[in-house]
Structures are given as C-alpha cells and as structure tokens.
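Asks: one predicted model, sequence on top.
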Amino acid sequence: MTASLAIQDFDALDDASCEGRIVAAKAALGERLAILGHHYQRDEVFKHADYSGDSLKLSREAAESDADFIVFCGVHFMAEVADILTRPEQSVILPDMAAGCSMADMANLANVERAWRELSEVLDPDETVTPVTYINSAADLKSFCGRHGGVVCTSTNARGILEWAFNQREKVLFFPDQHLGRNTGYGMGIPLEQMVVWDFDKPQGGLTAEQIKAAKIILWKGFCSVHQMFKPEHIDRFREREPNGKVISHPENSFEVCQKSDVVGSTEAILKTVRASEPGTTWLVGTELNLVNRLHHEMKPKGVNVQFMSPVVCMCSTMFRTDPQHLAWTLENLVAGEVVNQIRVPAEVAEPARLALERMLQIT
C-alpha cells in the first residue's frame with residue numbers, strides 16, 4: 001500500500017483536467033470498478049457513471065455487480081444502503097464524506113426512539129404502530145424499523161408498503177418525510193385529519209393523546225429542502241402561460257403542489273412519463289434542477305418542452321458536493337491501491353436494516 005493521495009492536491013484542478021484523469025483511472029481499474037451516479041448529480045460527475053438511477057436502483061445495481069469497488073456518487077445514506085446490500089468483500093466508497101441529506105438529518109435515532117417511548121405512554125406501539133422509514137434515512141433508522149417489525153419504502157413503492165403496513169398494525173409512524181407520507185396516504189383515501197404531524201422538538205410530538213389514538217398515520221416533521229421550494233403559485237402562473245401544458249411533481253413536494261399537478265411520481269416515473277410524451281407537449285417539472293436540465297436537453301430535439309417549476313435555482317446542495325475533483329481523487333487512490341472514504345455499516349446495525357430492506361423487496 002502507498003500513502004493516500006491528498007484531496008488538497010486535486011482541489012485546484014479544473015474540471016477538464018479532472019475529466020482526463022477520471023477517464024484514465026477508470027480504464028486502469030477496468031471491471032474492478034463500478035461508478036454509480038444518482039440523477040441529481042451534476043453533469044460533470046454524472047457523465048462518468050456506469051449506472052444511473054435513483055438510490056435503491058443504484059444500490060441493487062451495486063449488489064448485482066462483480067466490481068470490487070463501488071464508488072457511489074450520491075449522498076451518505078445511499079452509500080450505506082449499498083454497503084448493506086453488497087457482499088462483504090466489496091468496498092463502497094463515497095467521494096465526499098460531507099455529502100449528506102438534510103431530510104435524512106431531520107430524523108435521528110435518538111429522537112425516533114424517544115418518540116417510540118412517548119407513544120408507549122398512550123398506546124402499545126409494538127402492537128399498534130408499524131414504523132416505516134423512507135429510504136432517505138440513516139442506516140440506524142432502517143435498523144430501528146427492522147427491530148420493530150417495520151420496513152423501508154421508496155417514492156415508487158410507498159403505497160404498496162403502506163398497504164402492507166396497515167395489514168400488520170392499525171397505525172403507521174412515517175419518517176423522515178412528511179410530504180411523501182401525506183401524499184401517499186391521501187391517495188389511499190386516508191383523510192387529512194387522520195394524518196397528524198409529530199414535531200420532534202415538542203413533548204409527545206406536540207400532540208394530544210386523543211390525536212394520537214385517532215390517527216392512522218403519524219407523520220414525522222421532516223421535508224426535502226429542494227422540494228419545499230416549489231409552490232402552488234408556480235403552477236398557477238405556468239397554467240396561465242401554457243393552458244395546455246402538463247405538470248408533473250415528485251411526491252416529496254407539498255400536498256398543495258401535488259394536488260395541483262397532473263401527475264405525481266418518483267424520479268424514475270417522471271423520466272418515464274416525460275420521455276413517453278408526444279411532440280408539442282410542454283411539461284412543468286417539480287424536482288431537482290440537474291435532472292430537469294438534462295431532461296430538457298434530451299427532449300428538446302423531440303419537440304417536447306421541459307421547464308423547471310421554480311423561478312429560483314434550487315439544486316440539491318449536498319449532492320453538489322460530489323465534484324470532479326473528489327471523484328478523480330477517489331479513483332486515483334484506488335489505482336494506487338488505497339481505498340479512501342469507505343462506508344462501513346456496523347454489523348449490529350446492518351443486519352436489522354437489511355431485514356427492513358428485504359421486507360420491502362419482498363413486498364414489492
């Protein structure tokens with residue numbers, strides 16, 4: 001082994017220099033390397049991905065890969081899922097350890113365990129509540145769900161997961177994204193008044209015992225900082241300009257935005273729907289900027305106009321941390337025989353988390 005190459009030596013490189021070094025390192029590593037690129041990554045990084053998609057799709061690609069090194073160009077929770085699902089001899093690497101997720105950070109294990117204890121003052125949660133965590137969460141929260149008969153969900157399968165959860169117990173504790181939970185529950189016919197928000201900064205979530213007992217879904221007070229930028233008035237202004245236009249939104253958007261949209265779906269559903277549209281169609285898209293920009297350029301030659309919903313630039317700042325400089329640094333270290341920024345989920349966390357993930361895969 002040689003000493004690690006320092007990231008400081010790469011910080012001053014321009015993107016063009018990094019591109020050549022990334023291409024050379026990929027060639028040197030060959031089939032030992034698989035680069036995963038989430039849809040929200042910047043183009044300068046996304047172009048080097050061997051596999052692209054949403055977080056679960058990428059983790060499953062990693063699990064099926066024969067590569068020794070899985071470089072995940074995404075955020076921390078995604079690399080954790082990849083480590084849980086891949087084989088022990090594979091190394092999962094996050095180019096920039098500062099690439100986190102503000103939504104995932106809104107639910108931590110201490111607060112969720114405290115919520116579970118406080119719920120037990122009103123009812124028996126292990127008998128009446130199924131914990132469901134969005135895949136956008138830390139590994140220890142997935143582990144919590146695994147230990148308490150719960151499950152993981154994605155924006156694609158949330159409805160099927162909630163249907164399963166209600167077959168197990170009468171209530172659901174849904175975290176960390178309140179909007180995905182609310183939009184999915186409402187689409188299943190659950191009234192808004194039966195979905196209450198648990199404020200983790202307040203005793204007993206800021207709820208009365210009666211509210212907890214009457215609730216079908218207890219929604220964690222969390223949200224995506226990108227999707228909260230989209231507003232109903234953005235849709236109203238679009239419809240004034242484009243009366244025949246279509247609106248498609250991610251279910252992490254607010255209830256009001258989703259109710260005004262023609263289509264609500266996951267990242268993969270957005271891509272599939274827009275790509276299948278007829279020439280002359282105009283779409284207003286409510287999700288992350290890098291994805292929308294790529295879709296805009298892809299569909300323009302086909303006569304489909306794709307517009308970004310917000311007048312304010314709002315990309316995922318934590319996704320943006322993964323830049324060509326960090327990717328080049330990561331790959332050149334691998335060429336030199338040094339693994340940097342490896343993500344390892346401890347076995348005592350990984351095993352229950354894997355159980356919650358496997359439940360999800362079995363259900364869907």
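Replies: Nice, I can see it.

Asks: which neighbouring elements make contact with the biggest helix by length in the chain?
Replies: Criterion DSSP state H: the longest helix present in the chain is helix 347-363. For helix 347-363, the contact count by 3 or more C-beta pairs under 8 Å, 6 or more residues apart in numbering; DSSP states H and E identifies helix 76-85, helix 139-147, strand 151-153, helix 158-168 as packing neighbours. Just so you know, the C-beta spots here come from the backbone N, C-alpha and C atoms, and that holds for glycine as well.

Asks: swap in 10 Å and give it another go.
Replies: Helix 347-363 sits against helix 55-64, helix 76-85, strand 129-134, helix 139-147, strand 151-153, helix 158-168, with contacts defined as 3 or more C-beta pairs under 10 Å, 6 or more residues apart in numbering; DSSP states H and E.

Asks: tabulate those in a markdown table, adding columns for distance to Leu284, mean neighbour count and mean pLDDT.
Replies: Below are the helices and strands packed on helix 347-363 laid out as a markdown table (distance: least, C-beta to C-beta, whole Å; neighbours: other C-beta atoms under 10 Å; pLDDT from 0 to 100):
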| stretch | distance to Leu284 | mean neighbour count | mean pLDDT |
| --- | --- | --- | --- |
| helix 55-64 | 25 | 21 | 83 |
| helix 76-85 | 27 | 26 | 93 |
| strand 129-134 | 25 | 27 | 98 |
| helix 139-147 | 33 | 24 | 98 |
| strand 151-153 | 26 | 29 | 97 |
| helix 158-168 | 23 | 18 | 97 |
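
Asks: closest one to Gln8 among the ones you listed?
Replies: helix 76-85 (21.9 Å; C-beta to C-beta).

Asks: pLDDT on the next helix or strand after that closest one, on average?
Replies: Downstream of helix 76-85, the first helix or strand assigned by DSSP states H and E is strand 91-93. Regarding strand 91-93, the rounded mean pLDDT is 96.

Asks: name the residues that touch strand 91-93?
Replies: 33, 35-36, 59, 62, 67-73, 78-86, 330-331, 333-334, 339-345 (C-beta atoms under 10 Å, 6 or more residues apart in numbering).

Asks: hmm, 6 Å instead?
Replies: Strand 91-93 is contacted from outside by Phe69, Ile70, Val71, Ala79, Ala82, Asp83, Thr330, Val339, Asn341, Gln342, Ile343, using C-beta atoms under 6 Å, 6 or more residues apart in numbering.

Asks: among the residues you listed, which pair sits farthest apart?
Replies: Asp83 and Thr330 (15.5 Å).

Asks: if I look at the nearest residue to Cys101 once chain neighbours are set aside, how far off is Arg239?
Replies: What sits nearest to Cys101 in space, not counting adjacent residues and going by C-beta to C-beta, 6 or more residues apart in numbering, is Val75, at 4.8 Å. Plainly put, Val75 is 34 Å away from Arg239 if you go by C-beta to C-beta, to the nearest Å.

Asks: the more surrounded of those two?
Replies: Of the pair Val75 and Arg239, Val75 is the one with more neighbours under other C-beta atoms under 10 Å, namely 27 against 15.

Asks: centroid residue for this protein?
Replies: Closest residue to the average C-alpha location of the chain: Asn136 at 4.4 Å, with C-alpha atoms, centre = their mean.

Asks: helix/strand/coil for it?
Replies: coil (DSSP: H, G, I helix; E, B strand; the rest coil).

Asks: that one: what's it in contact with?
Replies: Asn136 touches Cys101, Met103, Ala104, counting by C-beta under 6 Å, 6+ apart.

Asks: what values do phi and psi take at the first one?
Replies: It refers to Cys101. phi -150, psi 120 (degrees, to the nearest 10).

Asks: how far away is it from Val23?
Replies: Cys101 is 29 Å from Val23, by C-beta to C-beta.

Asks: who has more neighbours, these two?
Replies: Cys101 (22 against 13).

Asks: so that one sits against Met78, correct?
Replies: No: Cys101 lies out of contact with Met78 (C-beta atoms under 6 Å); the separation is 8.4 Å.

Asks: pLDDT (mean, whole number) over the longest helix of the chain?
Replies: 95.

Asks: before we move on, back to that, now the contacts of strand 91-93 in JSON lines, with secondary structure and distance to Asp126?
Replies: Formatted as JSON lines, the contacts of strand 91-93 follow (DSSP: H, G, I helix; E, B strand; the rest coil; distance: C-beta to C-beta, whole Å):
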{"residue": "Phe69", "secondary structure": "strand", "distance to Asp126": "40"}
{"residue": "Ile70", "secondary structure": "strand", "distance to Asp126": "35"}
{"residue": "Val71", "secondary structure": "strand", "distance to Asp126": "39"}
{"residue": "Ala79", "secondary structure": "helix", "distance to Asp126": "31"}
{"residue": "Ala82", "secondary structure": "helix", "distance to Asp126": "30"}
{"residue": "Asp83", "secondary structure": "helix", "distance to Asp126": "28"}
{"residue": "Thr330", "secondary structure": "helix", "distance to Asp126": "42"}
{"residue": "Val339", "secondary structure": "coil", "distance to Asp126": "40"}
{"residue": "Asn341", "secondary structure": "coil", "distance to Asp126": "37"}
{"residue": "Gln342", "secondary structure": "strand", "distance to Asp126": "35"}
{"residue": "Ile343", "secondary structure": "coil", "distance to Asp126": "31"}
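
Asks: of those residues, grab the buried ones for ChimeraX.
Replies: Here is the ChimeraX selection string for the buried members of those, based on 16 or more other C-beta atoms under 10 Å:
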select :69,70,71,79,82,83,330,341,343
